[in-house]
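>>> Sequence plus predicted model, see below.
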Amino acid sequence: MGYQTKVQLIKRAKSEQWYINLPAQLAQAMEFEQSETVEWFIEDKATLALRRLKVPDSVLKKKRRKSSTNSTRYSIEHDPHSNKNGFSKGPAKSP
(Lines give C-alpha, C1' and ligand atoms only; values in the text may rest on other atoms or scores of the structure.)
Protein backbone atom coordinates (compact mmCIF):
# COMPACT_ATOMS: atom_id res chain seq x y z
CA MET A 1 0.00 0.00 0.00
CA GLY A 2 1.37 3.40 -0.91
CA TYR A 3 0.60 6.98 -0.01
CA GLN A 4 0.50 9.52 -2.81
CA THR A 5 1.70 13.04 -2.19
CA LYS A 6 2.55 15.99 -4.42
CA VAL A 7 5.98 17.53 -4.81
CA GLN A 8 5.72 21.22 -3.99
CA LEU A 9 7.94 24.08 -5.13
CA ILE A 10 8.31 27.44 -3.45
CA LYS A 11 10.09 30.01 -5.63
CA ARG A 12 11.72 32.99 -4.01
CA ALA A 13 13.61 35.90 -5.57
CA LYS A 14 17.04 34.29 -5.09
CA SER A 15 16.24 30.63 -4.42
CA GLU A 16 13.72 27.87 -4.68
CA GLN A 17 12.83 25.11 -2.29
CA TRP A 18 11.25 21.74 -3.00
CA TYR A 19 9.02 20.00 -0.47
CA ILE A 20 7.69 16.49 -0.13
CA ASN A 21 5.31 16.12 2.79
CA LEU A 22 5.07 12.94 4.80
CA PRO A 23 1.42 12.02 5.46
CA ALA A 24 0.55 12.14 9.16
CA GLN A 25 -0.68 8.53 9.21
CA LEU A 26 2.63 7.31 7.82
CA ALA A 27 4.71 9.44 10.22
CA GLN A 28 2.68 8.21 13.19
CA ALA A 29 2.90 4.57 12.10
CA MET A 30 6.68 4.92 11.75
CA GLU A 31 6.85 6.69 15.16
CA PHE A 32 8.82 9.65 13.83
CA GLU A 33 9.87 12.29 16.34
CA GLN A 34 9.71 16.03 15.74
CA SER A 35 13.01 17.31 14.28
CA GLU A 36 14.28 13.76 13.68
CA THR A 37 17.14 13.65 11.18
CA VAL A 38 16.82 11.40 8.14
CA GLU A 39 18.90 10.80 5.01
CA TRP A 40 17.66 10.75 1.41
CA PHE A 41 19.22 8.40 -1.15
CA ILE A 42 18.67 8.31 -4.89
CA GLU A 43 18.33 4.67 -5.91
CA ASP A 44 17.42 5.50 -9.51
CA LYS A 45 15.29 8.10 -11.32
CA ALA A 46 12.12 6.38 -10.07
CA THR A 47 13.12 5.58 -6.48
CA LEU A 48 14.02 7.97 -3.69
CA ALA A 49 14.76 6.22 -0.39
CA LEU A 50 14.49 7.72 3.09
CA ARG A 51 16.63 6.23 5.86
CA ARG A 52 16.36 6.94 9.56
CA LEU A 53 19.54 7.55 11.49
CA LYS A 54 18.09 6.45 14.82
CA VAL A 55 15.58 3.61 14.62
CA PRO A 56 13.29 2.93 17.61
CA ASP A 57 13.30 -0.56 19.14
CA SER A 58 10.76 -3.02 17.83
CA VAL A 59 7.88 -3.84 20.14
CA LEU A 60 7.58 -7.34 18.65
CA LYS A 61 11.17 -8.55 18.70
CA LYS A 62 12.61 -9.89 21.93
CA LYS A 63 15.96 -8.60 23.01
CA ARG A 64 18.57 -11.32 22.83
CA ARG A 65 20.62 -12.20 25.85
CA LYS A 66 24.31 -12.61 25.31
CA SER A 67 25.29 -16.21 25.97
CA SER A 68 28.64 -17.83 26.39
CA THR A 69 29.82 -19.80 23.36
CA ASN A 70 31.22 -22.38 25.80
CA SER A 71 27.88 -23.24 27.35
CA THR A 72 26.40 -26.71 26.85
CA ARG A 73 23.01 -25.32 25.84
CA TYR A 74 24.59 -23.25 23.07
CA SER A 75 26.40 -26.25 21.60
CA ILE A 76 23.31 -28.49 21.79
CA GLU A 77 21.08 -25.95 20.03
CA HIS A 78 23.62 -25.42 17.27
CA ASP A 79 24.58 -29.09 16.69
CA PRO A 80 22.63 -30.25 13.62
CA HIS A 81 23.15 -33.92 14.64
CA SER A 82 21.70 -33.65 18.17
CA ASN A 83 18.10 -34.36 19.08
CA LYS A 84 15.94 -32.22 21.36
CA ASN A 85 17.47 -33.89 24.47
CA GLY A 86 20.98 -33.01 23.38
CA PHE A 87 22.07 -36.55 22.49
CA SER A 88 24.00 -36.91 19.28
CA LYS A 89 22.29 -38.90 16.55
CA GLY A 90 25.55 -39.15 14.65
CA PRO A 91 26.05 -38.16 11.03
CA ALA A 92 23.20 -38.73 8.66
CA LYS A 93 23.43 -42.04 6.81
CA SER A 94 23.04 -41.95 3.06
CA PRO A 95 21.04 -44.73 1.36
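Ah, there it is.
>>> C-alpha from now on. contacts and neighbour counts both.
Will do.
>>> and the closest residue to W18 other than its chain neighbours, what does it touch?
Of all residues not flanking W18 in the chain, L9 sits nearest, at 4.6 Å (CA to CA, 6 or more residues apart in numbering). Applying CA atoms under 8 Å, 6 or more residues apart in numbering, we find L9 in contact with E16, Q17, W18, Y19.
>>> and if you look at F41?
For F41, the contacting residues are L48, A49, L50, R51, by CA under 8 Å, 6+ apart.
>>> What distance do you get for the second one to L60?
According to CA to CA, to the nearest Å, A49 and L60 sit 24 Å apart.
>>> Looking at those two, which one has more neighbours?
Ranked by neighbour count (other CA atoms under 10 Å), A49 and L60 place A49 first, with 10 against 6.
>>> I'd guessed that one sits against E43; true?
Yes - contact between A49 and E43 holds when scored by CA atoms under 8 Å: they sit 6.8 Å apart.
>>> returning to that earlier point: can I get the contacts of F41 in TSV with pLDDT?
Formatted as TSV, the contacts of F41 follow (pLDDT from 0 to 100):
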residue	pLDDT
L48	93
A49	94
L50	93
R51	94
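>>> So which of these belong to strands?
L48, A49, L50, R51 (DSSP state E).
>>> So what pairs up with the third one in the strands?
Beta-bridge pairing for L50 (DSSP bridges): W40.
>>> List the contacts of it.
V38, E39, W40, F41.
>>> how about the strands in the protein?
7-11, 16-20, 38-44, 47-52.
>>> Nearest to E31, out of these?
strand 47-52 (11.0 Å; CA to CA).
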